[in-house]
Structures are given as structure tokens and as C-alpha cells.
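Undergrad: no FASTA, just this:
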């Protein structure tokens, strides 16, 4: 974990009250006069100054609408979730690393080329054409740049959740300015730079396999293997707009967390399954199977 | 082209004004030096109008004062319309262009109307700078393809390789006024070395066409042209064999330099018996003219009739001899 910064104690420049700024936050609001402030701490390796940011373009109302329409597609989720009240809705600037590198993939595979072979059909004494595959070994190198890999730098939002609401339109990146964060919550990175680089490399390696699959010639291929090496890596700290929403659909059940892309409105949440609905479906399947068996017997 | 400071340290391509990241490889442009802080500072953004604390507003997409409504302008990356920065000068003047056009009309051959030169009227003779991108790039191309070389039972055998291609002075037309056929015929007549900076007086001499693309879209177009060009080079001598399929390429570009050029041309319109015809003449080579001209239908029919009669006569003669 990145070494935490000190908690700051500052006087509000509007009303003079003391504000405590948590070590992992870049912003605070005065509890008395509500003035928003933005902190700039001395940069360290694991907590560099953000280079770029994307501003929020999705507002609160659209966030709620995105979650509702996402839930409409999940009909196994508890019905209460659709009517649930949002317990907490927060717009957070999430620290993330924008990773880019020159990628060289050494690959090898067996490439299948299809051809037709004439064959005499013994029963009908006719000539048929049979499709066969001829496999040939192929090895080579694939060189390209990756420039749009984004990985989380926050312990609060795992990379899988960030991937679920990606992509962000990186054409809208702006240079970091504290003005963008004023009044919003902005986090400092809580993962080390090295951890984040590791996440990014894994993501690039994972995608390399797909790149090669699409790059190979022939009609089919098998036993594909890839070895990926990365050169000239760079990783810049960026701040991404993310809405984090907590819904309570039942007084005794835990809150369900949703994340919504603050630029595109793409929503995602680890929705629980509704047991009554599952039981109903299981019963329906069992009933149908029983009916089929019964009909089969009668016939 | 306007370049800002050092080239990209990963791919050596120059940055252009306002680029935050390299358009080729995605590396961040060299950041302006920010003094390292000795200790944490806390900043409250204030409204310039009324002094109230200001927060970023989603609908304004900028910090907006909740009391007086004034907005703090944020610097946003712009996607400017492309502009030709370099111009190739005219070396063919108006009278030379007209002379060249008349010569061309006279040398079109027998199938054109005999009175084409005397009965046609020159409607317009207009100087135009059409626009395009010229790029230089060192490209490392990784490729795979099926070809007929080395095939055994199947018709195809797989091949793969990596090829360095140094491409210089490749021009992609961005012209709306001229067709791709016209621009590709005109291109060999230009001397790219004669390009000079655009000057304010140029518009008086001729119309400079506008690029109708923004920078981001232009880059995509240059990129796809580069890929098309690379595929063509690979088919001509790099991949073994004569027939190909499933060609895949990955282009790693280095030192990609793009210039926006304006190419001189004379656009000629003439009228013959009520119909309008168009010609284009290179502004740097009076011999490079391409255009449309009417066809003398009567003369073509006469020639066809003559040919048919000739063949029939020959056939008759042969059958006579044979019998």
C-alpha cells in the first residue's frame, strides 16, 4: 500500500473554522460554511501530481436513470432493488493510471488451411468432395503501441469494477487543474505505482492473446502461444469521474453498491439474486420436465 | 505545421500545438514544469465576480458560482479545423494555362468534333490550391497473410514477417473539389521541395481550399491511408507469392510527420454546343492536363460502319475464293 500522507488540519479560508482533511483525499468541505477546498500535497513516487483529468458530464438525475435502466435488464435481481432509495450518491474523482507502451508479441500457432479432397463414396459409387484442413506451423512477431489502458489506483474501487464501466473517452482528457475538483470528492492513490503497473501489464498481456487471434491468417488455427514484452512504458496519474451509489432494498440486507461512469453514464453493480425468483424458476423447470415425462409415457 | 517543443520520446513524432498526448503512441506530452511543493497547500477556488467559493458544475462542465452564476473558464483541448500551412507556388501562369488548354483541345484526335477548338467557349479558368496531407514515416510493419507460395495440398500457405518501410512524401488528398482520380494524376507533376510557408497575400492569387476535417478526424484518415498504402507495398514484392488473402497488418509508426499542403491547379470549364465540360491542369506543369471532351458520334458511327463493311467484304472475298 502506498504510504499514507498526513492528515491535514487547516483553517477554512472562508469562516476560519478548522477543517480536517483525510490522508487519502484531495478535497474537503468546511462543515460550517460548506466552502470547498482542494489540497495539493508534495508529490512522491506513489502519490504523484495528477497529470490529466476528465470532468463529470453525467449529473445526479442521469446517474439514477442509468442505474434504473441497468436494473431493468437484470430480472433475477430482487424487485425491491428497482424501487430502493439511494442511501448515498457520491461523485468521486477516482485516481487511475493511464498506461501506454510499445508492445512486442512473439507468437506461434498452427494455421489450418482448408482444401477439398475427392473421395469415392463406397455405397453410392459416386465421387464426393470432402473438406479437410492442412495444418502448418507459423511463428512471428507483432509490434504495436497500446495507449488506452486504464487501471485503478484506489483500493476503494477494484480494477474489475472500473473495467465494468469503461471505456472513458480519452479524447476528453484535460490537463489536471484543481478547479475541476472543487466541491467534489477526489481521492489520492492508495495503491503503489508498481502495483498499478502490474495491473496494467496483466491487462495488456490478456488483450495480446485476442490481438493475435485476430491477426492470424488461414481458415482456422490452434495451439496459439504468445509471449509479450513491453518497452518504453509510461504511466500517468489521471482522475476519472465516477458516481458511487449505495442502494438499500431491504432493512436487514446489506447495501448494494453501484458505480456509474461519470462521463458516459455506463452503470454496473454486483446485484444480489432474488431467492424467491430463483425458486420460482426452478419449480417451473421441474414442472415442465415432469409434464414432458408424463406426456411421453401417455404416448 | 505547428510543432511544440521536443518530439515524443517514445516514437519521435512531433507534437502539435495543444496535444496532451502523442497522437501516434499515446505518451504524454512533456508536462510544463510544476515547482515541487515543500508542504501541502489548500486552495479554495473563488468566484471572480462576487468572491464566493465556487464548485465544479456538471451542467456547465466548468466551475460555476452558485450565487452569481458566473463560470470559471477551463482550458479544454481543442480539435481545430485543419489549415494548409505550406503552399506549392504556381509556375504555370494564366496565359500559359490557356495556351496549354487550347493545345490539348487540338490534339485530341479524329473521334472528337472537328470544330471543337473553334466552336467551344472557355467559360472559366480559375486558379485553385487544393489541399492534402503529406507525411513521412518510418514504419515497422508486422504482417501475416495466406499466399500461393509454398502451398501444398491446400491452395494457400500461411506467411508472416516484419518489414521496415521508410515512406517519404506520401500525399493523401483532402480535396472536395477534385476527384481522387484527378488528384492522383496531378500529383506526379508537383515538386514537393518547392513548398513554402503560406503568406497572407496568397488568397489574392488563388482560392485555397479548406480542409473540411478537424484534426482528430484528419489523423484517422491519414492513418487509414497509411495502412492502405502499406498493404499495397506488402502485396508488391514483400509477401512471397502472387495471390494473397487474409492480409493482416500492424503498423508501428515512428517519426510520423504530417504536413498540410496546398497544391496549385487550374480548373477550366468550357462550353461546347450547350454542354459544359471540365478540365484540370497542374499549376506546376503545363503538360499535365486531364479533362473531358465531347465525342463526335457521327465520326464514331462512320468508323464502326466502315469496320463492319470491311469485315463483311473480307468474309465475302474469302468465301468466294474458298468455293
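TA: Now that the structure is in, tell me what you want to look at. Owing to the predicted nature of the structure, the values given are computational and were not obtained by experimental measurement.
Undergrad: Let me see the ranges of the strands in the chain.
TA: Chain wasn't specified; assuming chain A. A:8-11, A:18-21, A:27-29, A:36-40, A:52-53, A:85-121, A:126-152, A:174-175, A:185-186, A:220-248, A:256-261, A:267-269 (DSSP state E).
Undergrad: meant chain B actually
TA: Using DSSP E, strands in chain B cover B:41-43, B:55-57, B:62-64, B:86-87, B:121-147, B:157-173, B:196-197, B:207-208, B:244-272, B:275-282, B:289-291.
Undergrad: any idea how far residue A:24 is from chain B?
TA: 13 Å (Cβ to the nearest Cβ, to the nearest Å). All C-beta spots, glycine's among them, are computed from the backbone N, C-alpha and C.
Undergrad: that older thread, which one of the strands of chain A lies closest to chain B?
TA: strand A:126-152 (2.3 Å; Cβ to the nearest Cβ).
Undergrad: Can you point out the buried residues in the closest one?
TA: For strand A:126-152, the neighbour count (16 or more other Cβ atoms under 10 Å in any protein chain shown) marks A:133-136, A:138, A:140-147, A:149-152 as buried.
Undergrad: Show me what the closest residue to residue A:256 other than its chain neighbours is bridged to.
TA: Leaving aside its chain neighbours, residue A:256 sits nearest to residue A:247 (4.9 Å; criterion: Cβ to Cβ, 6 or more residues apart in numbering or on different chains). Taking DSSP bridges, one finds residue A:86, residue A:256 as the beta-bridge partners of residue A:247.
Undergrad: Give me the number of neighbouring residues for residue A:247.
TA: Per other Cβ atoms under 10 Å in any protein chain shown, the neighbour tally for residue A:247 reads 23.
Undergrad: wait, doesn't it sit right on residue A:259?
TA: No - contact criterion Cβ atoms under 8 Å: residue A:247 and residue A:259 do not qualify, at 11.9 Å.
Undergrad: Identify the contacts common to the two.
TA: residue A:269 (Cβ atoms under 8 Å, 6 or more residues apart in numbering or on different chains).
Undergrad: follow-up on the earlier one: per-residue confidence for the residue nearest to residue A:256?
TA: pLDDT, residue A:247: 86.
Undergrad: ok, it - contacts?
TA: A:67, A:81, A:84, A:85, A:86, A:87, A:255, A:256, A:257, A:258, A:269.
Undergrad: Just give the nearest non-adjacent residue to the last one, would you?
TA: Just to be clear, that refers to residue A:269. residue A:258 (3.7 Å).
Undergrad: from memory that neighbour sits against residue A:268, does it?
TA: Yes - if you go by Cβ under 8 Å, residue A:258 and residue A:268 touch, sitting 6.9 Å apart.
Undergrad: neighbour-wise, which of those two wins?
TA: residue A:258 (26 against 20).
Undergrad: residues touching that one, list them.
TA: With Cβ under 8 Å, 6+ apart, residue A:258 has these contacts: A:67, A:70, A:243, A:244, A:245, A:246, A:247, A:267, A:268, A:269.
Undergrad: repeat that for 10 Å
TA: Residue A:258 makes contact with A:63-64, A:66-67, A:70-71, A:81, A:86, A:89, A:161, A:165, A:243-247, A:267-271, according to Cβ atoms under 10 Å, 6 or more residues apart in numbering or on different chains.
Undergrad: what do you get for residue A:149?
TA: A:97-101, A:166, A:199-201, A:203-204, A:207, A:235, B:26.
Undergrad: which one is it nearest to, not counting chain neighbours?
TA: Residue A:149 sits nearest to residue A:99 (Cβ to Cβ, 6+ apart), 4.3 Å away.
Undergrad: swap in residue B:124?
TA: residue B:269 (4.7 Å).
Undergrad: What separation do you get for that neighbour and residue B:276?
TA: Remark: distance between residue B:269 and residue B:276 (Cβ to Cβ, to the nearest Å) = 6 Å.
Undergrad: Mutual contacts of those two, please.
TA: B:123, B:124.
Undergrad: Those two: who's more crowded?
TA: Neighbour totals were compared for residue B:269 and residue B:276, and residue B:269 leads with 15 against 11 (other Cβ under 10 Å).
Undergrad: Could you check how far the more buried one is from residue B:126?
TA: Counting by Cβ to Cβ - residue B:269 and residue B:126 are separated by 8 Å.
Undergrad: Tell me the bridge partners for the residue of the stretch 51-200 of chain B found nearest chain A.
TA: Closest residue of the stretch 51-200 of chain B to chain A, Cβ to the nearest Cβ: residue B:55 (2.4 Å). Per DSSP bridges, the residues bridged to residue B:55 are residue B:64.
Undergrad: Likewise for residue A:230?
TA: residue A:103.
Undergrad: show me what contacts it?
TA: Contacts of residue A:230 (Cβ under 10 Å, 6+ apart): A:99-104, A:146, A:197, A:200-201, A:204-205, A:208.
Undergrad: Check residue A:120 too.
TA: A:126, A:127, A:128.
Undergrad: nearest to residue A:289, of those residues?
TA: residue A:128 (41.3 Å; Cβ to Cβ).
Undergrad: check contacts around that closest one.
TA: Contacts of residue A:128 by Cβ under 10 Å, 6+ apart are A:116, A:117, A:118, A:119, A:120, A:121.
Undergrad: how many other residues sit next to the closest residue to residue B:37 other than its chain neighbours?
TA: In space, and not counting its chain neighbours, residue B:37 is closest to residue A:42: 4.4 Å by Cβ to Cβ, 6+ apart. Per other Cβ under 10 Å, the neighbour tally for residue A:42 reads 13.
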